[in-house]
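Participant: The sequence and its predicted three-dimensional model are supplied below.
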Amino acid sequence: MISYPEKNTNGKQTMRVMVVEDEAIVSLDIQGRLKALGYAIAGAVSSGEEAIRRIEEINPDLILMDIMLEGEMDGIDTVASINNTYNYPVIYLTAYADSDTLKRAKITEPFGYIIKPFEDRELSLTIEMALYKHRAESTLNENRRWLKTTFDSIDDAVITTDRHGKIKSMNKSACILMCSDSTCFYGRNFHETVNLYESNSSKSIDILSKNDSIIGDAVLEGPKGMTPVSVNISGIEEKDDVVGKVIVLRDISDLKKSEDALKASLAQLRRTFDETVVSLTAMSEKRDPYTSGHQQRVAELACRIAVKLKLPVEEINSIRIAGILHDVGKISIPAEILSKPTRLTDLEMNLMKTHSEAGYEILKGISFPWPVAQIVLQHHERIDGSGYPNGLSGEDILLEARIISVADVVEAMSSHRPYRAALGLPRAMAEIARGRGISYDPKVVDACTQLIEEDNFSFGK
């Protein structure tokens with residue numbers, strides 16, 4: 001037996017090698033070489049059966065396996081059996097290199113193949129390469145397990161394809177959404193398998209033409225029927241080339257139901273809101289039946305003026321509500337004054353002027369989304385400061401109030417009152433033209449004039 005000096009490992013972890021060799025002298029020689037190269041002998045056995053029996057007890061870092069062994073199992077059969085349960089790197093040792101033996105050996109995916117006789121350097125290099133490759137593969141497999149677990153734990157459906165749109169993988173959520181197993185889709189063309197459409201146009205979504213795209217409202221047609229989904233498409237790039245796609249589908253059925261329920265709730269709330277406003281208006285008109293419909297007509301004209309001025313929808317809504325409620329404060333005025341068939345005295349007129357403030361007090365406690373109470377308070381203010389109740393002027397008066405003040409004058413002058421007959425639209429238009437830039441906002445006056453003289457506006461149309 002040849003004696004070999006042991007290699008100094010410099011404090012590094014010593015790799016433990018299991019030797020499976022049926023020739024005792026050869027086995028001892030190999031063990032001596034391994035020790036000299038700095039490896040530890042985890043165990044030495046002479047048959048495949050014994051190797052399988054003792055593998056768990058020995059738990060080596062690497063196995064050196066002779067192909068030709070005593071017993072019923074040769075080295076290749078032994079490795080195949082070990083691979084079914086364990087994950088050890090194997091290097092074959094053999095004096096035989098025929099093609100049939102190599103083909104059988106390849107099936108077991110060994111980490112090396114050394115032909116006897118061999119040099120120590122060849123043995124060392126083969127072992128180190130096998131250990132490195134095994135560590136790399138073990139790390140890669142562990143990362144794959146983590147990735148697969150994470151992949152399958154994602155609630156959203158995730159599908160990956162190659163550059164041609166062939167499906168490469170699907171997570172569990174995608175299988176559930178598609179009501180199928182991933183094996184049924186693997187390798188199939190995405191567009192032939194997944195029916196995905198844009199909700200608005202019903203146009204099929206081409207994943208190949210979209211990189212880093214988000215489609216918030218799409219429809220997936222599948223065994224479950226039509227499922228609303230959001231779609232996120234990302235390209236997988238390699239050296240400035242897109243080599244695949246990741247398609248993430250999120251089932252937004254519950255979100256759609258919630259949105260529909262919210263819309264229905266908001267619609268019901270708006271109906272209740274409008275009905276409350278109408279009730280407030282009806283309550284004030286009970287005290288002043290001679291001007292019934294005045295507030296609705298003012299709101300109608302004011303909104304048309306606001307549209308002419310191209311105001312935002314929300315501002316037009318605030319004008320509509322404020323117009324309908326602008327005289328709600330008249331509920332505080334005695335009925336005999338409201339219905340008096342002659343002109344009011346100065347005292348009665350001063351009392352009548354308090355209706356703006358009374359309306360403000362009624363409305364200020366209501367949480368309107370707009371400054372309705374302030375608009376009602378200011379609708380008799382004039383831009384030259386001659387109005388009431390606070391003598392505001394210019395831009396200090398809300399635009400909504402400036403619009404309603406013009407609509408109020410036009411409607412009031414063109415309608416009947418207890419103390420006079422209707423003066424008609426021409427007189428009303430002459431009044432706002434006279435006060436243009438003095439009492440009334442010139443832009444509002446111009447919009448109102450255009451509505452009535454050019455667009456043929458009339459109340460009730």
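Facilitator: Noted; the coordinates are in hand.
Participant: Now for the closest residue to residue 231 other than its chain neighbours: which residues touch it?
Facilitator: Among residues not flanking residue 231 along the chain, residue 215 sits closest, at 4.2 Å (Cβ to Cβ, 6 or more residues apart in numbering). (Each C-beta comes from the backbone N, C-alpha and C, glycine too.) Counting by Cβ atoms under 8 Å, 6 or more residues apart in numbering, residue 215 touches 198, 205, 230-233.
Participant: Assumed residue 215 was part of a strand.
Facilitator: Yes. Assessed with DSSP: H, G, I helix; E, B strand; the rest coil, residue 215 lies in a strand.
Participant: Pop out the phi and psi values for the nearest residue to residue 308 once chain neighbours are set aside.
Facilitator: Nearest non-adjacent residue to residue 308, counting by Cβ to Cβ, 6+ apart: residue 447, 4.0 Å away. When read as degrees, to the nearest 10, the backbone of residue 447 gives phi -60, psi -40.
Participant: what separates residue 54 from residue 425, distance-wise?
Facilitator: Distance, residue 54 to residue 425, by Cβ to Cβ, to the nearest Å: 111 Å.
Participant: all helices of the stretch 1-150 of the chain, in order?
Facilitator: Using DSSP state H, counting those that start in this stretch, the helices of the stretch 1-150 of the chain run over 24-36, 48-58, 75-83, 99-107, 120-153.
Participant: The ones you listed: lowest mean pLDDT?
Facilitator: When those are compared on mean pLDDT, helix 99-107 scores lowest, with a mean of 86.
Participant: tell me the angle of that helix relative to helix 75-83?
Facilitator: Comparing the axes of helix 99-107 and helix 75-83 via axes from the mean of the first three to the mean of the last three Cα atoms, to 10 degrees yields an angle of 10 degrees.
Participant: Could you check how many residues crowd around the residue nearest to residue 308?
Facilitator: 20 (other Cβ atoms under 10 Å).
Participant: For it, give its distance to residue 227.
Facilitator: Per Cβ to Cβ, residue 447 is found 49 Å from residue 227.
Participant: about what we covered before: emit the PyMOL select command for whichever of the contacts of residue 215 are buried.
Facilitator: Typed into PyMOL, the next command selects the buried ones out of the contacts of residue 215 (criterion: 16 or more other Cβ atoms under 10 Å):
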select buried, resi 205+230+231+232+233
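Participant: wait, which of the contacts of residue 215 is closest to residue 362?
Facilitator: Using Cβ to Cβ, residue 230 comes nearest to residue 362 of those, at 46.2 Å.
Participant: wait, isn't that closest one in contact with residue 219?
Facilitator: No. Applying Cβ atoms under 8 Å as the test, residue 230 and residue 219 come out as separate, 10.7 Å apart.
Participant: Out of the helices of the stretch 1-150 of the chain, which is the most enclosed?
Facilitator: Among the helices of the stretch 1-150 of the chain, helix 75-83 has the highest mean neighbour count (mean count of other Cβ atoms under 10 Å), at a mean of 21.
Participant: Contacts for that helix, please.
Facilitator: Helix 75-83 has contacts (Cβ under 8 Å, 6+ apart) with 20, 48, 51-52, 55, 63, 65-69, 73, 88, 90, 92, 94, 101, 104-105, 107-110.
Participant: Stretch 154-162 now?
Facilitator: 151, 167-171, 173-174, 176-178, 185, 190, 194, 207, 229, 236, 243-251.
Participant: Fine by me, we can end here.
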